[in-house]
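> Could you work out the structure for the sequence below:
(one chain, ligands or ions: 1)
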Amino acid sequence: MSAGRPAAGRVALVTGASAGIGKSIVRRLLQHGWTVHGAARRVEQMAELAAAGATVGPLDLSDEASMKACVRRVLDAHGRIDALVNNAGYGSYGALEDVSLAEARRQFEVNVFALVRMCQLVLPTMRAQRGGTIVNVSSMAGRGWTPFGGWYHATKHALEVLSDVLRVEVEPFGVRVVVIQPGRVESEWAATAARTLRKSSRASVYRDRVEPLAALLEDYGGAASPEVVSDAVVRALSSAAPRRRYATPLEARAAILLHWLLPDAAWERLTALGLRAAARRTRSAGRDDQN
Ligand code: NAP
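Numbers count the residues shown, from 1 in each chain. Sure thing, here's the model as predicted:
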């Protein structure tokens, strides 16, 4: 491993380990010598990680008892936690007029409140160890925004500021906080976003504008491999002085930079252009299907 922080004996808890990015993070950490516990609701989906040497167990981030039991399980098995990778999360999409507040709250519960709760549950151990790293998986969506993804963006924006505050609060105890900002990555994420977008706009005045975005999410062409994200997590955990943020791949860095540079009006025009381009693609794909 790189940068002089030996992984042997170090213990990581990775949430959302049953799919996509989380699965890849567990595999990469195992390869780098970490002791890893993967957690998610679909325990059966983590059998291959268990076969590769991880311990795995159930975690429902909308259930306080499940979160407590998960952290307790890691401490009982390994006696310490050196890294918490808060990776679990999902995108529930739809126009703000259409998405029920119950669904918005559910998304906040998993993407934001549970993420902070997991931090609260591991921090006493990390403080006692006088060391540890919390890695929060945000998104390029945590900086900019696009229409019809309002609640998802809100959860990731919230996660970004909470991570900054937490970093300063826990730094005196030797605990570090790192944010990972992935761009588009192959996983189950985009299918969930497309499904929720279609569902929320079934009988909606926004339906015609939403449909091209749903098609784009279903296609998700050009998405990067999850390894680009797990490599960034390993880099952060291997470094003696990790950066505050790791945006990856290049597309994420470019989008974040663009949002930072552009005035609000220009960003709005850019998102409108993006939706129109998606609509043109959907129309021409429809014509191709008819021919
Ligand atoms: P994914 O393939 O859909 O995986 C999501 C993971 O989160 C699954 O393991 C799922 O496990 C877990 N999860 C969801 N709800 C949960 C709950 N209530 N309790 C416990 N676990 C829950 O998506 P992914 O792309 O790997 O996403 C990982 C992270 O990357 C997310 O935070 C996402 O927002 C972020 N991200 C993804 C992309 C992308 O393009 N893929 C881009 C930027 C950021 P169970 O269903 O088994 O519980």
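
> For whichever strand in the chain runs longest, buried residues please.
Among the elements of the chain assigned as strand by DSSP state E, the one spanning the most residues is strand 175-182. Neighbour-count burial for strand 175-182, counted by 16 or more other Cβ atoms under 10 Å, picks out 175-182. Heads up, the C-betas are built off the backbone N, CA and C, glycines and all.

> repeat for stretch 273-280
Here stretch 273-280 shows 275, 278-279 as buried, counting by 16+ other Cβ under 10 Å.

> For this protein, which residue occupies the most central location?
The geometric centre of the chain, computed from its C-alpha atoms, lies nearest to V137 (Cα atoms, centre = their mean), at 4.1 Å.

> Apart from its chain neighbours, what residue comes closest to that residue?
Spatial nearest neighbour of V137, chain neighbours left out: N87 (4.4 Å); criterion: Cβ to Cβ, 6 or more residues apart in numbering.

> Can you get me a residue count around that neighbour?
Neighbourhood size, N87 [other Cβ atoms under 10 Å]: 29.

> Same check on D164?
Using other Cβ under 10 Å, D164 is surrounded by 14 other residues.

> and the helix or strand encompassing it, does that touch the ligand?
Take DSSP states H and E as the rule and D164 turns out to sit in helix 150-170. No. Judged by Cβ under 6 Å from any ligand atom, helix 150-170 and the ligand are separated, with a smallest distance of 6.8 Å.

> how about the helix or strand harbouring A102, does it get close to the ligand?
In the assignment (DSSP H and E), A102 maps to helix 101-108. No. Using Cβ under 6 Å from any ligand atom, helix 101-108 stays clear of the ligand, with a minimum separation of 8.3 Å.

> How about residues contacting that helix?
If you take Cβ atoms under 8 Å, 6 or more residues apart in numbering as the criterion, helix 101-108 is touched by 62, 90-92, 94, 151-152, 154-155, 158, 196, 200.

> mean confidence score for it?
Here helix 101-108 scores 98 as its mean pLDDT.

> Tell me which helix or strand comes right after it.
Per DSSP H and E, the first helix or strand lying C-terminal to helix 101-108 is helix 114-129.

> same for that following helix, what does it pack against?
Contacts defined by 3 or more Cβ pairs under 8 Å, 6 or more residues apart in numbering; DSSP states H and E place helix 114-129 against helix 64-78, strand 83-86, strand 132-137, helix 150-170, strand 175-182.

> could you give the angle of that helix to helix 64-78?
Computed by axes from the mean of the first three to the mean of the last three Cα atoms, to 10 degrees, the angle separating helix 114-129 from helix 64-78 equals 30 degrees.

> how far off helix 101-108 does helix 114-129 point, in degrees?
Going by the same axes, to 10 degrees, helix 114-129 makes 30 degrees with helix 101-108.

> For helix 114-129, which residues meet the burial criterion?
114-119, 121-123, 125-126.

> Just put those residues in TSV and tack on pLDDT and distance to S230.
Supplementary listing: those in TSV, determined by pLDDT from 0 to 100; distance: Cβ to Cβ, whole Å:
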residue	pLDDT	distance to S230
A114	98	21
L115	98	18
V116	99	23
R117	99	24
M118	99	19
C119	99	21
L121	98	23
V122	98	20
L123	98	24
T125	98	24
M126	98	22
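
> can you tell me which of these lies nearest to the ligand?
Ranked by distance to the ligand (Cβ to the nearest ligand atom), those are led by A114 at 7.0 Å.
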